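Participant: fold the following and give me the result.
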Amino acid sequence: MVSVESAAGNTVPVDPVPADPVPVDSGRVAPRPNYIAWTALALMTVSSVASLRPAPTMAVYGLACVFLYVLPAIVFLIPTALVSAELASGWSGGVFRWVTEGISPNMGFVAAWHQYAMTIFYYPTLLSFVASTLAYVIYPPWAASGVWTAVVIISVYWLGMLLALRGGIGVIAKLASSGVLIGTLIPGALLVVLGVVYLAQGNPSAAPMTPSHLLPAWNGIASIVLIVSNFGAYSGMEMNAVHVNRLKDPPKEFPKAMFVAMILVLLILILPPLVISWFIPAEELSLTAGVMQAFDAVFAHFGIQFLTPIVGLAIVSASLAGFMTWLSGPSKSLLLVSQEGGYLPPWFQKTNPGGVQVNILAAQGVVTTILALLFAFVPAVSDAYWMFMTITTSVYLLMYLWLFRAAMNLRKRQPDHPRGYRAPALNLLCVLGFLSSAAAILISFVPPSQFGGGSPAVFVLIVGGGILLLGLVIPYLLIRLRKPTWQVAPSTDPEGVSS
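Facilitator: Below is the predicted model:
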């Protein structure tokens, strides 16, 4: 449904397809649509945004971690969730459709490209965490092995791609839902319960929990960087809107999915680091050992350390769920806009019988494989990898600039367009979101501690050049060089309707 509608340029919500098979002209029986529940879409969104991975890092700040997450939530998460809910309830297709309608078709492609560009360096980063966590469970010395990390990254990506090709969005939704439940919600809830029991037993908190510690210590520009950098923690809330037509009643169900996802994301990001700070003093937290060390320390207090490897496997399942969600979202959006406007060569627009973007995923797999090998065996690449992530994250944040601008334009130009949900104070939300995104991009030019004693000018040149190349030059060239023959007919069975 999604790609057929997008290719036709139709912005009118599609009528629900009858549950029973309907005869078609050819005499065959039309396939039964493979709908997904709105709760599944909510959990897919949670898996693409929140995890327990950053909990130890934020636990260092104790009670101040609440402020460090709540403030970005007010100025970025809430605007993104509410604005996306309105846009998805009126226009199907996700970010590319919203920006196409609100700004221009070319900018719709640029927005889809910016969303997709994030995944270039994100997959190796996410899957290297999977590799280290698996090593912690199986054989801890492997965590420092470049060969082990490369094997896991490459194997998981290609297996995930095969699964996406065979199962479509229906299977991905089920995996994402079960993964976030088993690997994030249950371990997170267990951690919170144990934390409450710990305090109820009369044990003192390792971190001060007084109101005077609610705000982080002020360290000048470093404090601003710390706050603004958390804006990126909420990126991805809009990503699964590309699957909105897989809901039975998109105008009503997508806003509900966004609201539930928003609440769960806040709980997952705030409560676990707060609980960890009760058990482990900031100076004893190991950011390299990460979340597994934190769980092991909590379980050790209660004499249940046998749960540590079980929780490790559960956290791996959550990371894999997040990987599958990212695999299906941005690449699908890039496919749809390319089919509609001919922005990519036909080879990249090829889909399998289920409508899955096979060649885009294959090309991404080649890039991921090369990066995994370089990441594992070339120290210079490993040392500079955080810089690549800074560039792609900034490019992704550019997409939010176009999203918020498009939302304001659509409310002004098409006020009577049917919407299942209207965000309150939309213009204010868009201004907040726009300024927050712009601030986060600007902060990316501030050299972090990893840059050491390097010249700030060199850092700005590298990051600025990378953003310019990946965010502007490449999409500009694709727009300028596209040919009429690049516009091909979309798949007639998008996203695996019959799978």
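Participant: so where's the stretch 351-499 of the chain shaky on pLDDT?
Facilitator: In the predicted model of the stretch 351-499 of the chain, residues 381-383, 449-453, 489-499 satisfy pLDDT under 70.
Participant: so where's the chain uncertain?
Facilitator: Judged by pLDDT under 70, the stretches of the chain that qualify are 1-34, 167-170, 286-289, 381-383, 449-453, 489-499.
Participant: would you state the strands of it in chain order?
Facilitator: Using DSSP state E, the chain contains no strands.
Participant: ok, residue 39 - contacts?
Facilitator: Contacts for residue 39 (CB atoms under 8 Å, 6 or more residues apart in numbering) come out as 177, 257, 260. Quick note: C-beta positions are derived from backbone N, CA and C, even for glycine.
Participant: the second one: how many residues sit nearby?
Facilitator: Residues within reach of residue 257, counting by other CB atoms under 10 Å, total 28.
Participant: for residue 409, give its distance to residue 362.
Facilitator: Separation of residue 409 from residue 362 (CB to CB, to the nearest Å) stands at 36 Å.
Participant: just residue 237 next, same as before
Facilitator: Per CB to CB, residue 237 is found 28 Å from residue 362.
Participant: give me the neighbour count for residue 304.
Facilitator: Neighbour count of residue 304, defined by other CB under 10 Å: 12.
Participant: one more: residue 420?
Facilitator: Using other CB under 10 Å, residue 420 has 17 other residues around it.
Participant: ignoring the adjacent residues along the chain, who's closest to it?
Facilitator: The shortest distance from residue 420 to any non-neighbouring residue, by CB to CB, 6 or more residues apart in numbering, is to residue 251 (2.1 Å).
Participant: for the one you found, which residues are in contact?
Facilitator: Contacts here follow CB under 8 Å, 6+ apart; on that basis residue 251 touches 13, 89-90, 418-421.
Participant: using PyMOL, define a selection of the buried residues within those.
Facilitator: Buried subset of the contacts of residue 251, written as a PyMOL selection, criterion 16 or more other CB atoms under 10 Å:
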select buried, resi 13+89+90+419+420+421
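Participant: so which two of the contacts of residue 251 are the farthest from each other?
Facilitator: Greatest spacing in these, by CB to CB: 13 and 421 (12.3 Å).
Participant: before we move on, the earlier item: restricted to helices, list the contacts of residue 251.
Facilitator: If you go by DSSP state H, the contacts of residue 251 have 89-90 in helices.
Participant: identify each buried residue in stretch 364-383, please.
Facilitator: Buried residues in stretch 364-383, defined by neighbour count with 16+ other CB under 10 Å: 364-365, 368-369, 371-373, 375-376.
Participant: show me the contact partners of that stretch.
Facilitator: Residues outside stretch 364-383 that contact it (CB under 8 Å, 6+ apart): 119-121, 123-124, 127-128, 146-147, 149-150, 153-154, 157-158, 161, 331, 385.
Participant: buried ones among these?
Facilitator: In terms of neighbour count (16+ other CB under 10 Å), the buried residues within the contacts of stretch 364-383 are 119-121, 123-124, 127-128, 146, 149-150, 153-154, 157, 161, 331, 385.
Participant: if we take those residues, which one ends up nearest to residue 316?
Facilitator: Closest approach to residue 316 among the buried ones among the contacts of stretch 364-383 (CB to CB): residue 127, at 10.3 Å.
Participant: residue 284: neighbouring residues, count only.
Facilitator: By the measure other CB under 10 Å, the count of residues near residue 284 is 10.
Participant: what separation is there between it and residue 446?
Facilitator: Using CB to CB, one gets 28 Å for the distance from residue 284 to residue 446.
Participant: residue 212 too?
Facilitator: As for residue 212, its distance to residue 446 is 28 Å (criterion: CB to CB).
Participant: looking at these two, which one has more neighbours?
Facilitator: Using other CB under 10 Å, the more surrounded residue of residue 212 and residue 446 is residue 446, with 17 against 7.
Participant: which non-adjacent residue is nearest that one?
Facilitator: Nearest non-adjacent residue to residue 446, counting by CB to CB, 6+ apart: residue 225, 5.4 Å away.
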